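A.B. asks: Kindly return the folded structure for what I paste below:
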Amino acid sequence: MPSLPPNKNKLGLWTSTSLVIGNMIGAGVFLMPSAMASFGSISLLGWVFAAIGAYFLARVFSNLSKLLPQVSGGPYAYTRSGFGDFAGFLVAWCYWIAVSCANAAITISLVSALTAFVPALGSSATASIITGLAAIWLLTWINTRGIIVSGKLQLATTALKILPLLVVAVGGLFFIRFDNFLPFNNSGTSIPTAINATVTLAMFAFVGIESAAIPAADVEDADKTVSKATVIGLGIATLIYLLGSISIMGVIPVQKLAQSATPYADAAEIMFGNSARYWVSAGIAIAAFGSLNGWILIQGQIPRSIAKDNLFPAIFARENKRDVPYVGMVINSVMVSVFMAMNYTKGLVEQFKFLMLLSIFTVFVSYLLTMASYVIIRAKQNIKTGWTGAVVLAILAFAYCLWGIIGAGELTVFYGFLFMAAGIPVYVWIRLVNKNINQ
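C.D. replies: This next block holds a predicted model:
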């Protein structure tokens, strides 16, 4: 059949779904129970509200993938279509920074999971940095081999990660001690304040919901596949998050959980004995490895898309013989390496929190403008039906994004705005350079 040769070099439904699941779960599941433990069991409400908001985002991304099929770039492409070049560039700039922070946080999670096998990684910053760098650059090399190679690795690691996570999440329900859920609010603040803080942290676990839309031009039947992959991926990840959080909080006392660098492995040890720590840690390490692979794939796609639109230095669009934007990928991996190394002066959980919050701000700025673009794109395409539902959906998703930005905290917003402001002179310089070239 004439259509088979190009399709065999594109991502299918399950590979695209694994990209969504792998990027979401790998970014949030590892240290999240420890990061949220100090709030008490009220943090479970944070998961519920975050999941509801993520569903609104998923619906908008799903609808946008149908309005603009085969358009790569995800939030950047949608915002540029709605608001124009400057807004598109600002979204790409924010998202680019967010991916760098997220990859640094995922690398830290990978190193943390490996402490079960190499205890020195928990006490030696040098050993931790070397291990993290090795993972970053090995996966960068793998991703330069082509999107199909990256996709197959993503599918395999996603399948391997789900089993141990579900074993802990489901098995832990039979070992719950209900007194571990008390006190309900241990934050020392009001219930609304505590819920706001936990929702903000939980939001990070849903970053990546847009992953299937970013390489859309490399996805088979993108108008259908991207939409399905986004919704299916969200559903599976949400199930694992909620069950896992309930089980771990019910199995491990809150004081111990707040200090744990490997909460899933600690819970498995309590449930199944000492040996369980190792197979759960192995599963989590595989999950982190796969998530890092997925985000490294993504980190080359956004700069390539904006470079092809003459809104970023042309070097980021340079591809190898396998059509991989290898230069942009390498530059981003350098940034990730620097972020990871700089933050090893703090404890694992504390640096994970900081990177989470910084990523939350920058990525939710991208989401915010994307949600607003949804209504504008519908208007530009002169769509006559479904306006009430579309507007309500856009408002709910927009409000969720605004909640994430506000909840990031003053210091995080300050640093986030610094990153955004740094993008303005870059944009002006690129426009001037392109103008001179065209003349």
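A.B. asks: Could you double-check that V336 sits in contact with T107?
C.D. replies: Yes: between V336 and T107 there is a contact under C-beta atoms under 8 Å: 7.0 Å. All C-beta spots, glycine's among them, are computed from the backbone N, C-alpha and C.
A.B. asks: who has more neighbours, those two?
C.D. replies: Neighbour count, other C-beta atoms under 10 Å: between V336 and T107, T107 has more, with 30 against 27.
A.B. asks: Helix or strand: which one has that one?
C.D. replies: Secondary structure assigned from DSSP states H and E places T107 in helix 85-114.
A.B. asks: low-confidence ranges in the stretch 251-400 of the chain?
C.D. replies: Applying pLDDT under 70 to the stretch 251-400 of the chain flags residues 261, 343-357.
A.B. asks: Next up, the contacts around I430.
C.D. replies: Counting by C-beta atoms under 8 Å, 6 or more residues apart in numbering, I430 touches N310, L311, F312, P313.
A.B. asks: Can you work out which residues contact both of V336 and T107?
C.D. replies: What both V336 and T107 touch, as defined by C-beta under 8 Å, 6+ apart, is the set I136.
A.B. asks: can I get the contacts of I430 in CSV with neighbour count?
C.D. replies: Shown next, in CSV, are the contacts of I430 (neighbours: other C-beta atoms under 10 Å):
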residue, neighbour count
N310, 17
L311, 22
F312, 24
P313, 18
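A.B. asks: Pick out whichever of those sits closest to K380.
C.D. replies: L311 (19.5 Å; C-beta to C-beta).
A.B. asks: Surely that closest one and V428 touch.
C.D. replies: No: taking contacts as C-beta under 8 Å, L311 lies outside contact range of V428: 11.5 Å.
A.B. asks: Now do stretch 58-69: everything it contacts.
C.D. replies: By C-beta under 8 Å, 6+ apart, the list of residues contacting stretch 58-69 reads 74, 77-78, 81, 209-210, 212-213, 216, 222-223, 226-227, 230-231, 234, 370-371, 373-374, 377-378, 381, 390, 393-394, 397.
A.B. asks: now with 7 Å?
C.D. replies: 77-78, 81, 209-210, 213, 216, 222-223, 226-227, 230-231, 234, 371, 374, 377-378, 381, 393-394, 397 (C-beta atoms under 7 Å, 6 or more residues apart in numbering).
A.B. asks: Going through these, which ones are buried?
C.D. replies: 77-78, 81, 209-210, 213, 216, 222, 226-227, 230-231, 234, 371, 374, 377-378, 393-394, 397 (16 or more other C-beta atoms under 10 Å).
A.B. asks: Out of the residues you listed, which sit inside helices?
C.D. replies: Assigned to helices by DSSP state H, the following of the buried ones among the contacts of stretch 58-69 qualify: 77-78, 81, 222, 226-227, 230-231, 234, 371, 374, 377-378, 393-394, 397.
A.B. asks: Please identify which of these is nearest to Y278.
C.D. replies: L234 (30.6 Å).
A.B. asks: picking up where we left off before, so can I have a markdown table of the contacts of I430 showing secondary structure and distance to R177?
C.D. replies: Converted to a markdown table, the contacts of I430 look like this (DSSP: H, G, I helix; E, B strand; the rest coil; distance: C-beta to C-beta, whole Å):
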| residue | secondary structure | distance to R177 |
| --- | --- | --- |
| N310 | coil | 60 |
| L311 | coil | 55 |
| F312 | coil | 53 |
| P313 | coil | 56 |
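A.B. asks: just those residues now: which is nearest E269?
C.D. replies: Nearest member of the contacts of I430 to E269, counting by C-beta to C-beta, is F312, at 47.4 Å.
A.B. asks: isn't that closest one right up against P303?
C.D. replies: Yes: using C-beta atoms under 7 Å, F312 makes contact with P303 at a distance of 5.7 Å.
A.B. asks: Are there residues contacting both of those two? Which ones?
C.D. replies: With C-beta under 7 Å, 6+ apart, F312 and P303 have no common neighbours.
A.B. asks: who's in contact with N434?
C.D. replies: By C-beta under 7 Å, 6+ apart, N434 lies in contact with N310.
A.B. asks: just to revisit the earlier point, L292: which of the contacts of I430 is nearest?
C.D. replies: Comparing the contacts of I430 against L292 with C-beta to C-beta picks out F312 as the nearest, at 23.3 Å.
A.B. asks: Count the neighbours of the nearest residue to that closest one once chain neighbours are set aside for me.
C.D. replies: Once flanking residues are discounted, F312 sits nearest to I306: 4.2 Å by C-beta to C-beta, 6 or more residues apart in numbering. Using other C-beta under 10 Å, I306 is surrounded by 27 other residues.
A.B. asks: now for the helix or strand containing I306, which elements pack on it?
C.D. replies: Element membership for I306, per DSSP H and E: helix 276-308. In this structure, helix 276-308 makes packing contacts with helix 13-28, helix 75-83, helix 85-114, helix 125-143, helix 147-171, helix 263-272, helix 326-342, judged by 3 or more C-beta pairs under 7 Å, 6 or more residues apart in numbering; DSSP states H and E.
A.B. asks: Would you convert those into TSV that also reports distance to T189?
C.D. replies: Below are these laid out as TSV (distance: least, C-beta to C-beta, whole Å):
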stretch	distance to T189
helix 13-28	23
helix 75-83	32
helix 85-114	25
helix 125-143	33
helix 147-171	28
helix 263-272	23
helix 326-342	30
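A.B. asks: Ends of stretch 247-264, what's the gap?
C.D. replies: Its first and final residues considered, stretch 247-264 spans 9 Å by C-alpha to C-alpha, to the nearest Å.
A.B. asks: Check what contacts that stretch and list those residues.
C.D. replies: By C-beta under 7 Å, 6+ apart, stretch 247-264 touches 33-34, 37-38, 40-41, 112-113, 115-116, 122, 168-169, 172-173, 175-177, 180-181, 186, 266-267, 270-271, 280-281, 284, 348-349.
A.B. asks: are any of those residues buried, and which?
C.D. replies: Among the contacts of stretch 247-264, the ones that count as buried by 16+ other C-beta under 10 Å are 33-34, 37-38, 40-41, 112-113, 115-116, 122, 168-169, 172, 180-181, 186, 266-267, 270-271, 280-281, 284, 348-349.
A.B. asks: Contact partners for S337?
C.D. replies: With C-beta under 7 Å, 6+ apart, S337 has these contacts: L133, I136.
A.B. asks: can you do 8 Å?
C.D. replies: G132, L133, I136, W137.
A.B. asks: what's near enough to touch the closest residue to A156 other than its chain neighbours?
C.D. replies: The shortest distance from A156 to any non-neighbouring residue, by C-beta to C-beta, 6+ apart, is to G290 (7.6 Å). Each residue near G290 by C-beta under 8 Å, 6+ apart is listed here: G22, G26, L153, Q154, A156, T157, T158, L160, K161.
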